[in-house]
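A.B. asks: Any chance you can model this:
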Amino acid sequence: MNKVIIVLIFLTGMPFHAVLKAQHTKAFDIIMERIHTDNAVRRAKQADAPSIKLFENWQDDGSWADVKYGATDITKWQPTVHLERLRTIVNAYTDKGGSFYGNPQIFAKIQQALIFWFEQDPKSKNWWHNDISVPQKLGELLISLRYGAEQLPKQLENQLLERMKRGSAEEKTGANKTDIATHYLYRALLTSDPALLQLAVDQLFEPIALVDGAEGLQHDYSYLQHGPQLYISGYGGVYLTSIINVAKYVADTDYALNEEKLNLFSKFYREVYLKTLRSKYIDFNVEGRGISRKNILRKNEVYRIGTAKLIDPKNEKEWDDLGLRVDSSRAPSYGVTPYHQHFWKGDYTLHVRPNYSFNVRISSERTNRSESGNDENLLGRYLSDGATNIQVNGPEYFNIMPLWEWDKIPGTTSVNNENDLPLDKFWGHPGDNTYAGGVSDQRYGVTAYQLTYDGVSAKKAWFFFDDEIVCLGADIQSTSDKNVTTTLNQAWLQGDVSTSGPKVLANDVEPLHFTRNGWLFHDGIGYLFPEETDAYVSTQVQTGSWFAINNSFGNEEQSGSVFKSWIDHGVQPKGAEYAYIVVPGVKNASAIKRYTNPIEIAQNNKSAQAIFHQKLDIVQAAFYEAGSVHVNGIIITVDKPVILMLNALKGREKELFVADPLQKEAKINLTLEDTTSGKKQHLLFDMPQGAYAGSSVLQKMTF
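C.D. replies: A predicted model of the protein is given here:
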């Protein structure tokens, strides 16, 4: 028994149950006060002016004439405006420094507005509004009203508390579980129910655990929701917000987050989520269907980071540095260290350097492709086919989505449709390929993907280093009667476009022939062609609408100048190839002109893709079948499909990293042969199984 409780019983003679009740009451008061403070106005009279505007159109029955209470929309559901307006007015009424604190007429109208809501009981076709949003909003309003000059009639409060009993946290997973459990928490506090409070906290913190393929935080620290679908942001962001808020509310009480779960949460936020941001702009790959929402790529992490620092003070310095970087108080490079990780559970690669980030999303039978649902992300058909997010400054793709040509997502190889094709499967569906994976030593790595979608097949690989990323494609084939293209990039046009050949005119589209080691430069990013290549470059104004990609927005035409470059492989190519090297974070065209290419492409065909980085003395390869490659005087032979990286260390010691892109092999045999000395070395790799199948394995050797 807690020593404090024993002493209290001894000194006061209080019964044991009374002491427990007093202890619970104190915890309840602390938690409720923190929630109220979070929802209250920050400055005196802050809510007065907006409330006055709302008073003008507030009807006698507590409703607003311009709100369509019978609407059932899936997104932008009209009736929720009633609760949002009521939030503003309640803030004014409970603000002790405001002009409307304790005003009996306003309190009477607040009651009438709550009665109106209860009697109307509006419902959306989207369960999220009914089971999550409304109960949360009602709970927050009721908690705030506890701090008013006058209390709601008990009958009305009880009716609203009963109305909050929607959604089952126990039956949900991931972010949906934490969302519903949040209004459990509110209801527990309002009813002084210790059992319900414990259930709420248990459900809220239960998803802070590593799961194997189920929805939630994976063993590779990616986040999946709606099946095995990448959602590091979107649902991952909801997950973070719920945990951060509740962890702050219950800190230093018996309900506080334990150290093990705190460390898991902190690692996901610091080492994964925040690494997907360049300045305050997030990688479009991690948003799921939210990519089609206006302003979604610009994040305001100040509140979450500040709160995370409170609940995780041991990482205070890192939280401070992260906050300065992602709110643009410092340069995008501030505090960034080189990092590379392939997420074998999420089919996603994160490659971060101080002067840029270059991330890739692929798919497989083990993961769901990017979803369309609730009339959102209607054109995101090719988002999971090797989409490359290349950022130097941060806002390269911010709000460009209405203007995108959606069969030219950066990095993808796809058919060139006359008009953008909508997704015809909803809420995500598994990829059609088994080969997808990557190898990583946390600094460098390789990602490879066997594309099979919409009648197009290809072997695609990315080789990641400090200054450059090598992009190879091979065995490109198609059964479609449309041209097949590979897109280098499609981002906002910023300044001039320079090339090693002809000048690119503004608002033009040009077919260009690049000679061996020819180059293209735009907005801090260079593109080098190690072999003769024909490519198109466009600087044209593109038009579109938000409605075309997300029906919750208006159909007003949007337009803007876009930089777009792609390689055309023609109609029904048979074994076409491409090779280009992206050099991000260079200052100007002169820098890319002076750039010395350190890459030797040893093989790029249907069997394997392999390169050698001469400066770093690193060999990287993706084998699509058993076989051999000859690279840098070494013949590498494997008995299974594998992705590998051979790093030179001091002397003749080397590190060999391998990963299984099929995630099914127990053992992989590999032979290295020095073509000069004839020396051979045979290696057997015991491959990870279960949740770690597909992760990288290391063997050190002298060769």
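
A.B. asks: Packing partners of the host helix or strand of residue 138?
C.D. replies: For residue 138, the element it lies in under DSSP states H and E is helix 134-145. When contacts are defined as 3 or more C-beta pairs under 8 Å, 6 or more residues apart in numbering; DSSP states H and E, helix 134-145 sits against helix 16-39, helix 80-94, helix 154-163, helix 174-191. Just so you know, the C-beta spots here come from the backbone N, C-alpha and C atoms, and that holds for glycine as well.

A.B. asks: buried stuff in it?
C.D. replies: Neighbour-count burial for helix 134-145, counted by 16 or more other C-beta atoms under 10 Å, picks out 134-145.

A.B. asks: Same check on stretch 481-488?
C.D. replies: Buried, per 16+ other C-beta under 10 Å, within stretch 481-488: 482-488.

A.B. asks: between those, which is closest to residue 453?
C.D. replies: Of all the buried residues of stretch 481-488, residue 484 has the smallest distance to residue 453: 11.6 Å, by C-beta to C-beta.

A.B. asks: burial of residue 182, as a residue count?
C.D. replies: 25 (other C-beta atoms under 10 Å).

A.B. asks: any idea how far it is from residue 243?
C.D. replies: According to C-beta to C-beta, to the nearest Å, residue 182 and residue 243 sit 10 Å apart.

A.B. asks: Ok, residue 439 next?
C.D. replies: Relative to residue 243, and taking C-beta to C-beta, residue 439 is found at 31 Å.

A.B. asks: residue boundaries of the helices in the stretch 301-450 of the chain?
C.D. replies: For the stretch 301-450 of the chain, the helices defined by DSSP state H, counting those that start in this stretch cover 302-311, 316-326.

A.B. asks: List of residues touching the last one?
C.D. replies: The contact list for helix 316-326 (C-beta atoms under 8 Å, 6 or more residues apart in numbering) reads 270, 274, 277, 279-280, 299, 301-302, 305-306, 308-309, 312, 329-332, 334-336.

A.B. asks: now do the shortest one
C.D. replies: By C-beta under 8 Å, 6+ apart, the surrounding residues in contact with helix 302-311 are 240-241, 244-245, 247-248, 251, 257, 262, 266, 269, 274, 315-316, 319-320, 322-323, 326-327.

A.B. asks: Would you list the buried entries among these?
C.D. replies: 240-241, 244-245, 247-248, 251, 257, 262, 266, 269, 274, 315, 319, 322-323, 326.

A.B. asks: Now for residue 300, how many residues are close by?
C.D. replies: Using other C-beta under 10 Å: residue 300 sits among 10 other residues.

A.B. asks: Same question for residue 534.
C.D. replies: Using other C-beta under 10 Å: residue 534 sits among 12 other residues.

A.B. asks: helix, strand or coil for it?
C.D. replies: Look at residue 534: counting by DSSP: H, G, I helix; E, B strand; the rest coil, its state is strand.

A.B. asks: circling back: just name the most buried of the helices and strands packed on helix 134-145.
C.D. replies: With neighbours taken as mean count of other C-beta atoms under 10 Å, the helices and strands packed on helix 134-145 reach their highest mean count in helix 174-191, at a mean of 24.

A.B. asks: what about the very next helix or strand once past that one, distance to the chain center?
C.D. replies: The helix or strand immediately downstream of helix 174-191 is helix 194-205, counting by DSSP H and E. Computed by C-alpha atoms, centre = their mean, to the nearest Å, the chain-centroid distance of helix 194-205 equals 27 Å.

A.B. asks: Please apply the same query to stretch 269-282.
C.D. replies: 9 Å.

A.B. asks: Ok, stretch 610-627 next?
C.D. replies: 30 Å.

A.B. asks: now stretch 222-240
C.D. replies: With C-alpha atoms, centre = their mean, you get 7 Å for stretch 222-240.

A.B. asks: returning to that earlier point: which of the helices and strands packed on helix 134-145 has the lowest mean pLDDT?
C.D. replies: Across these, helix 16-39 has the smallest mean pLDDT, namely a mean of 76.

A.B. asks: coming back round to it: make JSON lines out of the helices of the stretch 301-450 of the chain and add distance to residue 666 and mean pLDDT.
C.D. replies: As requested, the helices of the stretch 301-450 of the chain are exported to JSON lines (distance: least, C-beta to C-beta, whole Å; pLDDT from 0 to 100):
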{"stretch": "helix 302-311", "distance to residue 666": "40", "mean pLDDT": "95"}
{"stretch": "helix 316-326", "distance to residue 666": "39", "mean pLDDT": "96"}
